[in-house]
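# Attaching a predicted model along with its sequence, questions to come.
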Amino acid sequence: MVEAEQTWSAAQIGFAQAMMRYETRPIYARISRVVAYAVVGLQWVLLVAAWRSALGVVMHGILVCAAFVLADFVNGMVHLYMDHQRGYRSFVGPFVAAFHLHHDRPNYTEKPIFRVYLDESGSKIWLAVALVLFGIVAVFFGVAPWVLCFVAYFAFWSSWAEVSHFLCHNRKDAWVLWLQKYWLLLPRAHHMQHHRFDNVNYAFLNGMSDPLINGWARRFCRGYVGTTDLDTALYQARQK
């Protein structure tokens with residue numbers, strides 16, 4: 001009845017078809033699983049190598065902090081990019097469509113933090129590709145110890161951003177609220193602006209880089225409320 005009474009846009013039809021492929025074709029779950037294990041496995045290989053390097057504690061601390069800042073910015077920019085994509089009919093279209101559902105369904109399925117860290121890493125295809133390429137360069141050409149350490153910490157923080165986002169939506173434990181207060185985790189009040197307004201606050205590790213990302217978004221992006229957020233309508237109607 002709902003579908004008969006409304007004319008759906010090409011983007012809404014494409015989104016619904018992409019989600020059907022995502023939910024019915026096992027290859028998408030398998031790709032996510034492979035990416036998750038690749039990302040986490042390569043992270044820990046790099047972390048072990050980093051801890052065995054000859055760098056001092058102070059240098060490690062500097063690199064951890066620098067990677068923390070950059071990971072917030074880079075993952076926020078990836079979030080911004082994905083929120084504006086509509087290539088639903090391509091092979092990767094189902095991943096794009098599934099990503100867009102985070103606005104309609106902001107809360108995660110409750111699970112242990114380690115499972116969040118592992119499972120949500122499966123959405124980071126860009127990070128898997130980057131780590132594989134970095135590994136090839138490191139093995140065949142070598143890299144400076146500080147570069148190895150920085151990439152290891154950046155990769156870890158990039159996956160931890162998914163945990164920070166999960167905690168922002170799902171938990172109000174005292175330790176979570178304390179870390180959010182000092183911007184060591186993504187503050188809930190800050191991030192909720194991304195869901196209540198348009199084209200703001202894309203960063204989701206700690207949110208510190210949002211002033212920079214928001215400036216980029218205002219200048220170059222249309223926003224999601226009147227564009228990709230509308231694409232889920234047909235799919236959501238079919239779920240009722």
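Happy to help now that I have it.

# pull the CA atoms of stretch 221-238 into CSV?
Only the C-alpha atoms of stretch 221-238 are listed here, as CSV (Å, rounded to 0.1, in the frame of the first residue of the first chain):
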residue,chain,number,x,y,z
CYS,A,221,29.3,19.6,0.3
ARG,A,222,25.5,19.9,0.0
GLY,A,223,24.7,18.0,3.2
TYR,A,224,22.8,14.8,3.8
VAL,A,225,19.4,15.8,5.2
GLY,A,226,17.9,16.8,1.8
THR,A,227,19.9,14.3,-0.2
THR,A,228,21.2,10.9,0.9
ASP,A,229,19.1,10.8,4.0
LEU,A,230,16.0,10.7,1.8
ASP,A,231,17.3,7.7,-0.2
THR,A,232,16.4,5.2,2.6
ALA,A,233,12.7,5.9,2.5
LEU,A,234,11.6,3.0,0.2
TYR,A,235,13.8,0.5,2.1
GLN,A,236,12.4,1.7,5.5
ALA,A,237,8.9,1.5,4.2
ARG,A,238,9.4,-2.1,3.2
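
# which of the residues in that stretch are buried?
Burial within stretch 221-238, assessed by neighbour count using 16 or more other Cβ atoms under 10 Å, is assigned to 221, 223-224, 227-228, 231-237. (Glycine included, C-beta is placed from N, CA and C.)

# what about residue 174, neighbour count?
7 (other Cβ atoms under 10 Å).

# my bad, residue 27
11.

# got the contact list for it?
If you count contacts by Cβ atoms under 8 Å, 6 or more residues apart in numbering, residue 27 has none.
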